[in-house]
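Peer 1: sequence plus the predicted model coming up.
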Amino acid sequence: MFVEAIEKVDQFTRPVHFILRYYTGSDIVPGTGTLFFVNEEGFAITCRHIARQIMYANSIYENYLKFKTELRRFEKDPGQETQRNFLELKYKINSENPIRILFNFINCVADYKALNVYLHPTQDLAIIQFRDFESRQYQGYARFLKDSKSVRQGRYLCRLGYPFPEFTNYRYNKDTNDIEWTKNGRITSPSFPIDGIITRHIGEGSDITGIEMSTPGLRGQSGGPLFDKNGTVYGMQSSTRHLHLGFDQVNREVITDGHRKRVSNYPFLNVGQCVHVEVIKHFLREKKIVFYETEGIG
């Protein structure tokens, strides 16, 4: 049902690749996000939480370098560990936050000179502008639903994104004690569609800001378009909500593989949360960015 729509949307939907390094580990952690273009001028939208990683990647590493420089002064100090703990608190260095983030836009534009990033003040939405690029590596652009009355409960829609980071073009450089991109390895990740129906509208006060889908958005699909069988964009995948079903089984006896066991289970329904098309269009208008609309499927 979505074959032609996916082929159309895939032309202007692109992955953002990330590699991360954490303070207490040596492993490189790959990740992906998604963006899609809204016009021929290099403007794309994605999630705010994706854009923030792009915006603050340099400052995160600069903060870590300052921490290392200050810690180096205490290399021969008997109280080095005490100083380390103090500096970790000062610079907010811990095992949960990355100390290095590198990102790579895949097949977006060639040789861009700068980026402008606009974060929505309340919603998980951001605009990325590629500035002074030589050529486009995407084809076409999104066409947004003109009349949001078509965003109705039960509407069957699809999402497209890049949830599986299968790229391998990165490494740890022992000489620089840093992570880096390489020219070797796989540089692409496969796109992945997922379908579902609209279950509910998500609102804040009297305003509808989101669309809930019956299936979850997968990690890495954040920032990808939500669209119908014609490729008309209804919104953008943002996050997954975990709804407790209340069918809990606590310390229940079951027989599995011929053995009696005691198990507990607390089931949740995982549903997708998307930014509503009207929120996206309003933000684009506010920033005076050209975008295109079309009628829905009725």
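Peer 2: Noted; the coordinates are in hand.

Peer 1: going forward, measure contacts between C-alpha atoms and count neighbours the same way
Peer 2: Noted.

Peer 1: and Gln11, what does it touch?
Peer 2: Counting by C-alpha atoms under 8 Å, 6 or more residues apart in numbering, Gln11 makes contact with 138-141.

Peer 1: neighbours around Gly246, how many?
Peer 2: 9 (other C-alpha atoms under 10 Å).

Peer 1: any of the contacts of Gln11 buried? List them.
Peer 2: 138, 140-141 (16 or more other C-alpha atoms under 10 Å).

Peer 1: circling back to that earlier point, turn the contacts of Gln11 into CSV, including secondary structure, distance to Arg159 and pLDDT.
Peer 2: Supplementary listing: the contacts of Gln11 in CSV, determined by DSSP: H, G, I helix; E, B strand; the rest coil; distance: C-alpha to C-alpha, whole Å; pLDDT from 0 to 100:
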residue, secondary structure, distance to Arg159, pLDDT
Tyr138, coil, 18, 97
Gln139, coil, 18, 96
Gly140, coil, 18, 96
Tyr141, coil, 16, 97
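
Peer 1: tell me which of these is nearest to Gly154?
Peer 2: Lowest distance from Gly154 to these (C-alpha to C-alpha) belongs to Tyr141, with 26.4 Å.

Peer 1: between the contacts of Gln11, which is nearest Phe167?
Peer 2: Tyr138 (19.5 Å).

Peer 1: the closest one contacts Phe105, correct?
Peer 2: No - in this structure, Tyr138 is not within contact of Phe105 by C-alpha atoms under 8 Å, at 11.6 Å.

Peer 1: quick revisit: closest to Tyr112 among the contacts of Gln11?
Peer 2: Tyr138 (13.7 Å).

Peer 1: how close does the residue nearest to the closest one when sequence neighbours are not counted sit to Gln137?
Peer 2: Among residues not flanking Tyr138 along the chain, Phe12 sits closest, at 5.2 Å (C-alpha to C-alpha, 6 or more residues apart in numbering). Separation of Phe12 from Gln137 (C-alpha to C-alpha, to the nearest Å) stands at 9 Å.

Peer 1: element containing the closest residue to Asp228 other than its chain neighbours, please.
Peer 2: The shortest distance from Asp228 to any non-neighbouring residue, by C-alpha to C-alpha, 6+ apart, is to Leu157 (4.9 Å). Using DSSP states H and E, Leu157 sits within strand 156-161.

Peer 1: could you pull up phi and psi at Ile54?
Peer 2: phi -70, psi -40 (degrees, to the nearest 10).

Peer 1: whoops, Lys113 was the one
Peer 2: phi -90, psi -30.

Peer 1: I figured it hits Asp132, correct?
Peer 2: Yes - between Lys113 and Asp132 there is a contact under C-alpha under 8 Å: 5.4 Å.

Peer 1: more neighbours: which of these two?
Peer 2: A count of neighbours by other C-alpha under 10 Å puts Asp132 above the other of Lys113 and Asp132, at 15 against 10.

Peer 1: what residues are up against the more buried one?
Peer 2: By C-alpha under 8 Å, 6+ apart, the contact set of Asp132 is 112-114.

Peer 1: try it again with 10 Å
Peer 2: 41-42, 109-115 (C-alpha atoms under 10 Å, 6 or more residues apart in numbering).

Peer 1: could I get the pLDDT score of it?
Peer 2: pLDDT for Asp132: 95.

Peer 1: ok, it to Ile99 distance?
Peer 2: As judged by C-alpha to C-alpha, Asp132 and Ile99 stand 30 Å apart.

Peer 1: got it, and Val275?
Peer 2: 30 Å.

Peer 1: if we can go back for a sec, pLDDT wise, what is the residue nearest to Tyr138 at?
Peer 2: In this model, Phe12 carries a pLDDT of 98.

Peer 1: hang on, the earlier thing: which members of the contacts of Gln11 are the farthest-apart pair?
Peer 2: Tyr138 and Tyr141 (8.1 Å).

Peer 1: ok so, going back, residues shared between the contacts of Tyr138 and Phe105?
Peer 2: Joint contacts of Tyr138 and Phe105 (C-alpha under 10 Å, 6+ apart) are Arg14.

Peer 1: can you give me the strands for the stretch 101-250 of the chain?
Peer 2: 109-110, 114-119, 126-131, 135-136, 143-145, 156-161, 170-173, 178-181, 192-204, 207-213, 225-227, 233-244, 249-256 (DSSP state E, counting those that start in this stretch).
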